[in-house]
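J.: got a structure for you, letters missing:
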């Protein structure tokens, strides 16, 4: 999953990037002002945006307005120093999906980001399942027919995205945009490697293949062959 952090406090921005990247396994881009944040949000695909309210150049509220007016439905978690109910209600009515008042616990932020991503993909539970394949987004574990499957971080992220969008064809370009930061072009040949590894680990000894290639279009996770 790909997260955008728009926060002007450099130390906090780095802490958020570390927590979301190293601890949660997301690809993370960081912008230190509203202008850069809006540019990144409009030029790349993100699964969630963590947006500070008080930003130089263009405020978080202005960034939120610009995204929603353009029809962008990416979940937005607002970070704010204001905790009065009227301001919070106003933000939610303007299109924010959730908020956290500063100072906040990083563990709570991670949990809220995970919930927003799950909701946006139509999944209420932390467990994603397809047949006998189960992926636990909290424990970052995978099993099939009760057998634990050991995946590398990038294999896990690839599978997690396909599981979240199971039944839908996902292009290689979409996977790259959601697995890497804005420098993803240099990794353009690796998706085939991850898919091949996932097939070996998930489908090789199973009676039903779950990972399918739609030539010229991408990949789909499904119990039925397309």
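T.: Now that the structure is in, tell me what you want to look at. All values reported here derive from a predicted model rather than from experimental measurement. Numbering: from 1, shown residues only.
J.: Report the beta-bridge partner residues of residue 31.
T.: For residue 31, the beta-bridge partners are residue 6 (DSSP bridges).
J.: Looking at it now. What's its pLDDT?
T.: With respect to pLDDT, residue 31 scores 96.
J.: Same question for residue 184.
T.: Note on residue 184: pLDDT of 54.
J.: contacting residues around the longest helix along the chain?
T.: The single longest helix within the chain, with elements called by DSSP state H, is helix 106-120. Residues external to helix 106-120 that are found in contact with it (C-beta atoms under 8 Å, 6 or more residues apart in numbering): 1, 3, 15-16, 19-20, 23-24, 26, 47-48, 50, 73-75, 77, 97-98, 100, 124-126, 137-138, 164. No exception for glycine: its C-beta is placed from N, CA and C like everyone else's.
J.: For the helix or strand that comes right after it, give the mean pLDDT please.
T.: Next along the chain after helix 106-120, taking DSSP states H and E as the criterion, comes strand 127-130. Mean pLDDT, strand 127-130: 92.
J.: what's strand 127-130 packed up against?
T.: Contact here means 3 or more C-beta pairs under 8 Å, 6 or more residues apart in numbering; DSSP states H and E; on that basis strand 127-130 packs against strand 133-136, helix 153-164.
J.: Quickly run through the sheet partners of that strand, with directions.
T.: Assessed with DSSP bridges, strand 127-130 is paired to strand 133-136 (antiparallel).
J.: What residues sit buried inside the following helix or strand past the partner strand?
T.: On the C-terminal side of strand 133-136, the closest following helix or strand by DSSP H and E is strand 141-144. Buried residues in strand 141-144, counting neighbours by 16 or more other C-beta atoms under 10 Å, are found at 142, 144.
J.: Does anything pack onto strand 141-144? Which helices or strands?
T.: Here strand 141-144 touches strand 133-136, strand 147-149, going by 3+ C-beta pairs under 8 Å, 6+ apart.
J.: winner for burial among the ones you listed?
T.: The highest average neighbour count among the helices and strands packed on strand 141-144, using mean count of other C-beta atoms under 10 Å, belongs to strand 133-136 at a mean of 19.
J.: Name the surrounding residues that touch the helix or strand where residue 177 lies.
T.: Per DSSP H and E: residue 177 is located in helix 172-179. Contacts of helix 172-179 with the rest of the structure, by C-beta under 8 Å, 6+ apart, involve 1-2, 27, 44-45, 47, 154, 157-158, 161-162, 184, 187-188, 191-192, 218-219.
J.: list the buried ones in it?
T.: Applying a neighbour-count criterion of 16+ other C-beta under 10 Å, one finds 172, 174-179 buried in helix 172-179.
J.: Next, format those as JSON lines and append distance to residue 39.
T.: Listed next are these as JSON lines, based on distance: C-beta to C-beta, whole Å:
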{"residue": "172", "distance to residue 39": "24"}
{"residue": "174", "distance to residue 39": "20"}
{"residue": "175", "distance to residue 39": "23"}
{"residue": "176", "distance to residue 39": "19"}
{"residue": "177", "distance to residue 39": "15"}
{"residue": "178", "distance to residue 39": "19"}
{"residue": "179", "distance to residue 39": "21"}
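J.: on that earlier part again, check the contacts of helix 106-120 for burial and list the buried ones.
T.: Counted by 16+ other C-beta under 10 Å, these give 1, 3, 16, 19-20, 24, 26, 47-48, 50, 74-75, 77, 97-98, 100, 137, 164 as buried.
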